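Asker: I'd like to go over a predicted model; first the sequence, then the structure.
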Amino acid sequence: MPRDALADFATEEFTAEGKTHLVYTKGTGPAVIVISEIPGITPLVADFARRVADAGCTVFMPSLFGLDGQSMVPGSAADVAAGARVAGNLVRKVCVSREFTILATGRSSPVVTWLRALAREAHARCGGPGVGAIGMCLTGGFALAMAVDDTMIAPVLSQPSLPLRPIGNSRNIDISDDDLARVKTRCAAGLQVLGLRFEGDRLSPPDRFAFLREQLGDAFIGVELPDSAANPKPVNPPHSVVTEHLIDEPGQPTRQALDQVLAFFTDKLDVAR
C-alpha cells in the first residue's frame, strides 16, 4: 500500500493538558484544524488538508492515531487482508485509549480539551477572526465540542460516527450536555455548524443529523448525499465524503460538498482571495 511522505508539511510537537502530539502544518492565513478519520493521516486526508491550505488557510493536522501517511487503499488481495488487520488493531487501541470516548453518550472525549488548546494556539499564531475545524468519522463530533470556545467559528462535522451504535440510540452525538448547551447558545448568537454524510451510512445514521437539527435549529447546515454519489472504487460502503468516497470531478455531488466545506472555511474566516 503506497505511503505519502508528507514532506511538504512542516512538523512540530504541541503539548497541552499533559499530552503531546505531533502536528503537521502547511499554508498561510487563518487556522483550520484538520482532524483525521480512522485509520489516521492517510494520503487522502493529507490531500484534503492541502486543499484547505491552497484555499488560503493555515492547516494544523494533529497525529492522534495510526501511521502517518500510510494509505489504506489496497493494491492486491494481500493488501486487503493486511489493511483489515491494521484497521482492526487500530480501532481496538483507540477504543481502550483514555483520550477517546467511543460508546458513552453525554460525554465529550478528553482529547477535545487538547484540541481546543491547539485551536487557541493556532489562532494566536495565525490571527484572523477565528479558527475552523473539521472532524471526520471517529473524530467528527470533536469539531462540535471544540465550538464551546469563541475562537472556533467554522466547525465542520464529516460523517460523525460517535457514539457507536447500537449503544443507546442514534439521536445523540459525542458531546457533553454542558458543552452542547454552550454550543447552542453560540448558535443562537450566530454560529453555524456544517455537517456531511451519505444517506445510507450506518456509522453516521440519519437520526444523528435529525438530533443536530433539533438541538441547533437553522444553525445546523446538514448536507446528505445519496449513496450513488460516492466513489465506487473503495470496498467499504459510502462513508468518507471528502476523502475516500470523493469523486474529484466538477459537477459531482461529493466534489460540490468538498467545495462547500472550503467555501465555509474561507467565508467564516474572512480569507482574502
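Answerer: Sure, I can see it. Numbers count the residues shown, from 1 in each chain.

Asker: got the contact list for the residue nearest to L6 when sequence neighbours are not counted?
Answerer: Nearest in space to L6, with sequence neighbours left out and distances taken as CB to CB, 6 or more residues apart in numbering, is G69 at 5.0 Å. (Each C-beta comes from the backbone N, C-alpha and C, glycine too.) Counting by CB atoms under 8 Å, 6 or more residues apart in numbering, G69 touches R3, D4, A5, L6, I41, T42, P43, A46.

Asker: let me know the closest of these to M146.
Answerer: When the contacts of G69 are compared for distance to M146 (CB to CB), I41 wins out at 18.4 Å.

Asker: state the distance from the closest one to G18.
Answerer: 23 Å (CB to CB, to the nearest Å).

Asker: neighbour count winner among these two?
Answerer: Counted by other CB atoms under 10 Å, I41 and G18 do not tie: I41 has more neighbours, with 27 against 6.

Asker: you'd agree that one is up against S71?
Answerer: No: contact criterion CB atoms under 8 Å: I41 and S71 do not qualify, at 10.5 Å.

Asker: ok so, going back, now, the most widely separated pair of the contacts of G69?
Answerer: Across the contacts of G69, the longest distance by CB to CB is 13.0 Å; it joins A5 and T42.

Asker: look at the two and report which has more neighbours.
Answerer: Applying other CB under 10 Å to A5 and T42 shows that T42 carries more neighbours, namely 26 against 10.

Asker: next one: that one from A31, what distance?
Answerer: As judged by CB to CB, T42 and A31 stand 22 Å apart.

Asker: which SSE is immediately downstream of the host helix or strand of A145?
Answerer: Assigned by DSSP states H and E, A145 falls within helix 142-146. For helix 142-146, the succeeding helix or strand toward the C-terminus, using DSSP H and E, is strand 152-158.

Asker: what ranges of the stretch 151-273 of the chain fall below the confidence cut-off?
Answerer: 165-169, 273 (pLDDT under 70).

Asker: how about the strands in it?
Answerer: Ranges of strands within the stretch 151-273 of the chain are 152-158, 193-198, 220-225, based on DSSP state E, counting those that start in this stretch.

Asker: so what's G127 up against?
Answerer: Shown here is G127, whose contacts under the criterion CB under 8 Å, 6+ apart are P30.

Asker: returning to what we had before: what about the helix holding A145, distance to the chain center?
Answerer: Relative to its chain's centre, helix 142-146 lies at 9 Å (CA atoms, centre = their mean, to the nearest Å).

Asker: so for it, mean pLDDT?
Answerer: The average pLDDT for helix 142-146 rounds to 96.

Asker: output the contacting helices and strands for that helix.
Answerer: In terms of contacts (3 or more CB pairs under 8 Å, 6 or more residues apart in numbering; DSSP states H and E), helix 142-146 is packed against strand 31-35, helix 111-126, strand 131-136, strand 152-158, helix 177-188.

Asker: next one: the last one to chain centre, how far?
Answerer: The gap between the average C-alpha position of helix 177-188 and the chain average comes to 19 Å, counting by CA atoms, centre = their mean.

Asker: residues making contact with that helix?
Answerer: Residues from elsewhere that reach helix 177-188, judged by CB under 8 Å, 6+ apart: 106, 108, 144-145, 147-148, 150, 175, 191, 193, 215-217, 219-220.

Asker: partner residues bridging I35?
Answerer: G135 (DSSP bridges).

Asker: ok, it - contacts?
Answerer: Residues in contact with I35 (CB under 8 Å, 6+ apart) are M61, P62, L64, L115, A133, I134, G135, M136, T139, F142, A143.

Asker: okay, it: pLDDT?
Answerer: Here, the pLDDT recorded for I35 equals 97.

Asker: how far away is it from L203?
Answerer: Computed with CB to CB, the distance linking I35 and L203 is 16 Å.
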